[in-house]
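Visitor: Coordinates for the following, if possible.
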Amino acid sequence: MTSRAHREHDVDDLCPAGLELYARALREGQVPAGEARGAPCLIDFGLLHPAAHDLSRLEPAAPAVALHRLLRLSENRIARERRREERLAELFQPLMRIDTARTAPQDPPSLTVLSGSERINRAITEAMADATKELLCIQPNTHYSDQRGQAAHPIALARDQALLDRGGRIRTLYPHTIRHVPIALARYEQLRGDVEARTLDEVTDRLILIDGSVAFIPADKDAGLALEVRHPALTSHFTTTFDRLWRLATPMHPEAAPRPSRNGITPRQHAIAALLVEGHTDAVIADRLGMNIRTARVHIAKLAATLGSQSRAQLGYLIGRSGILDRGR
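Guide: Predicted coordinates:
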């Protein structure tokens, strides 16, 4: 078995690795527990379980028993949904008799404020379920290292793959610093289909644009509020802005393009130099380039050493005199 990341799926979409291992366990009676690392779904779905006499081995559940149990679970889930529908109908029946002349139009509003990560993710998932063409994303940071990002990653991966399976396309813009985050790069190895990613020194705030018709953008700095945008003029503007940034960006996936240094000045130091001469603080530079402040200060120190600067004020002067900003990247 390989150690590649396992794709999240339901039992009715059993992965090839899981199907092969379960069939072998049925033929042989047992398999080593370590071989299930590449297909943890078998244990999650109860198709394999530890052998009572040897916990290092896994035994298969009989297919007829497993099928009966899974069908029963499905029936229970359907019954719960039907009871939920009945409760909703009872709740709204008296409300529907109220005069609705003063209520809002039934068409989706052009702007909707979404509160809380659960509500935001649910709205994105619902919009993605109807998507057939293209997902455009701008990700100024990844949150892969915090608890929120780890929880949202499988959800986003599943809905992205569903769009790709329908023949859709995904394009994502990141800051250049994402090239040094292995878990972010590994995400693209798990997706199958038309997926591209590019990077820039700086990107805008987060943007998710689905089929050019619905967009999601932050509504506060803490990511607790988001705007769902369905106004055609705004979504068209977002699409145009994305396309222009995309043409300026450096390919990262599927084939990464090198970013050569010029006269000892790396592309990242070039971006920092441009912000330094504008008078920005270390904290602002780090935020705009998607890095932590310690990393930003390390690059500023290296830039100062390359130019022979002894102070912050002298560094700005030397940057201007060197002409590195005039030559571009």
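Visitor: which residues in the protein form strands?
Guide: Taking DSSP state E as the criterion, the chain contains strands spanning 31-32, 48-51, 54-60, 111-115, 134-138, 169-175, 194-200, 207-210, 214-218, 225-229, 250-253.
Visitor: Determine which of those strands approaches Arg321 most closely.
Guide: The minimum distance between Arg321 and the strands of the chain falls on strand 194-200, with 26.7 Å, by CB to CB. Quick note: C-beta positions are derived from backbone N, CA and C, even for glycine.
Visitor: Quick one: list the elements packing against the closest one.
Guide: Under the contact definition 3 or more CB pairs under 8 Å, 6 or more residues apart in numbering; DSSP states H and E, strand 194-200 sits against helix 147-165, strand 169-175, helix 232-248, strand 250-253.
Visitor: hmm, who's touching the last one?
Guide: By that I understand strand 250-253. Residues external to strand 250-253 that are found in contact with it (CB atoms under 8 Å, 6 or more residues apart in numbering): 174, 176, 178-179, 185, 188, 195-200, 257, 259.
Visitor: which ones are touching Leu209?
Guide: Applying CB under 8 Å, 6+ apart, one finds that Leu209 lies in contact with Leu135, Leu136, Cys137, Ala215, Thr235, Phe238, Thr239, Phe242.
Visitor: Next one: the first one from Gly168, what distance?
Guide: In other words, Leu135. According to CB to CB, to the nearest Å, Leu135 stands 7 Å off from Gly168.
Visitor: likewise Gln161?
Guide: 10 Å.
Visitor: so what sits against both of those two?
Guide: Gly193.
Visitor: Looking at Ile210 now. What's its pLDDT?
Guide: At Ile210, the pLDDT value in this model is 95.
Visitor: count of neighbours near Leu225?
Guide: Counted with other CB atoms under 10 Å, the neighbours of Leu225 add up to 15.
Visitor: how near is the closest residue to it other than its chain neighbours to Ile120?
Guide: Closest residue to Leu225 apart from its sequence neighbours, by CB to CB, 6 or more residues apart in numbering: Ala219 at 3.8 Å. Applying CB to CB, the value for Ala219 to Ile120 is 10 Å.
Visitor: hey, what's in contact with both of those two?
Guide: With contacts defined as CB under 8 Å, 6+ apart, the residues shared by Ala219 and Ile120 are Leu114, Ala226.
Visitor: ok, those two, which is more surrounded?
Guide: For Ala219 and Ile120, the more surrounded residue by other CB under 10 Å is Ile120, and the numbers stand at 22 against 17.
Visitor: The closest residue in space to Ala223 that isn't next to it in sequence: neighbour count?
Guide: Excluding its sequence neighbours, the residue lying closest to Ala223 (CB to CB, 6+ apart) is Ser117, at 7.2 Å. Using other CB under 10 Å, Ser117 has 14 other residues around it.
Visitor: can you list the domain ranges for the chain.
Guide: Following automatic domain parsing, the chain resolves into domains at 11-61, 111-253, 267-322.
Visitor: end-to-end on the second one?
Guide: Pointing back at domain 111-253 there. End-to-end span of domain 111-253 (CA to CA, to the nearest Å): 33 Å.
Visitor: Return the residues in contact with Glu75.
Guide: Applying CB under 8 Å, 6+ apart to Glu75 gives no contacts.
Visitor: gap between it and Leu88?
Guide: Separation of Glu75 from Leu88 (CB to CB): 21 Å.
Visitor: Show me what Leu136 is bridged to.
Guide: Arg171, Leu209 (DSSP bridges).
Visitor: That one contacts Arg171, doesn't it?
Guide: Yes. Using CB atoms under 8 Å, Leu136 is in contact with Arg171, at 5.5 Å.
Visitor: Alright, calling it a day.
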